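Participant: Build me a structure from this.
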Amino acid sequence: MSEDTYTEKEFHKKMAVDLFNSVWSFLDKKERTAEEEDEMVHAAHASRYHWGQIGSFLEKERGEWQISRVYSVLKRLQPALYHAQRCLEICKENNIGDFDIAFAYEAMARAYAVSGEKTESKKYIELAKKAGNQIENAEDKRIFFGDLETVPGYQE
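Facilitator: Below is the predicted model:
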């Protein structure tokens, strides 16, 4: 059995992608053990760390978004909001639009919704809708609005 060898950059990319994808396997579960929740949190942070070593601001922003999603799902309000804010800041600082800015607003809306701050959540839902309507790719737009509709309080 031969071992794969990677450059440092290849290693960081492989780890970032593999960890990012592993987080989705946990997010997709209807029920998780405490151990699985811990692993999901650690994997999300580890993925973001590896992207921080070699990725662009785009991968960093998406990593922050995923961390916020994890904490929102776990109802850990402060870190959910912190990472949603970081995601939005990175988008604004780097003029990232389209799909990513829409999801940054979605992350803010979700974090505020989970914390019970309905007024702030509604504000960001509206910003997310506006940004979502600007998404050029029809499939990306469909995915985005499907996800936005899962934000608690979206239909109110």
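
Participant: At which residues are the strands of the protein located?
Facilitator: With DSSP state E as the definition, the chain shows no strands.

Participant: what about the protein, any weak spots by pLDDT?
Facilitator: Residue ranges of the chain with pLDDT under 70: 1-2.

Participant: got the residue ranges for the helices in it?
Facilitator: 8-27, 34-54, 57-73, 77-93, 98-115, 118-132, 138-148 (DSSP state H).

Participant: deepest of those, which one?
Facilitator: Ranked by mean neighbour count, the helices of the chain are led by helix 98-115 with a mean of 25 (mean count of other CB atoms under 10 Å). Just so you know, the C-beta spots here come from the backbone N, C-alpha and C atoms, and that holds for glycine as well.

Participant: name the helices or strands packed onto it?
Facilitator: Contacts defined by 3 or more CB pairs under 8 Å, 6 or more residues apart in numbering; DSSP states H and E place helix 98-115 against helix 57-73, helix 77-93, helix 118-132, helix 138-148.

Participant: Rebuild those helices as CSV, extending it with distance to residue 101.
Facilitator: As requested, those are exported to CSV (distance: least, CB to CB, whole Å):
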stretch, distance to residue 101
helix 57-73, 9
helix 77-93, 5
helix 118-132, 5
helix 138-148, 11
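
Participant: For residue 104, which of these is the nearest?
Facilitator: helix 77-93 (4.2 Å; CB to CB).

Participant: outside of the closest one, which residues touch it?
Facilitator: Identification of contacts with helix 77-93 by CB atoms under 8 Å, 6 or more residues apart in numbering yields 57, 60-62, 64-65, 67-68, 71-72, 96-97, 100-101, 103-105, 107-108, 110-112, 114-115.

Participant: Also stretch 7-27?
Facilitator: 6, 32, 36-37, 39-40, 43-44, 46-48, 50-51, 53-55, 59, 63, 66, 69-70, 73.

Participant: Could you pull up the residues touching residue 29?
Facilitator: residue 36.

Participant: for residue 140, same thing?
Facilitator: 98, 99.

Participant: Then residue 112?
Facilitator: Applying CB under 8 Å, 6+ apart, the residues near residue 112 are 81, 118, 120, 121, 124.

Participant: Give me the nearest residue to the second one, chain neighbours excluded.
Facilitator: Of all residues beyond its chain neighbours, the one nearest residue 118 is residue 153 (5.9 Å), with distances taken as CB to CB, 6 or more residues apart in numbering.

Participant: repeat for the last one
Facilitator: Nearest residue to residue 124 in three dimensions, chain neighbours excluded: residue 109, at 3.7 Å (CB to CB, 6+ apart).
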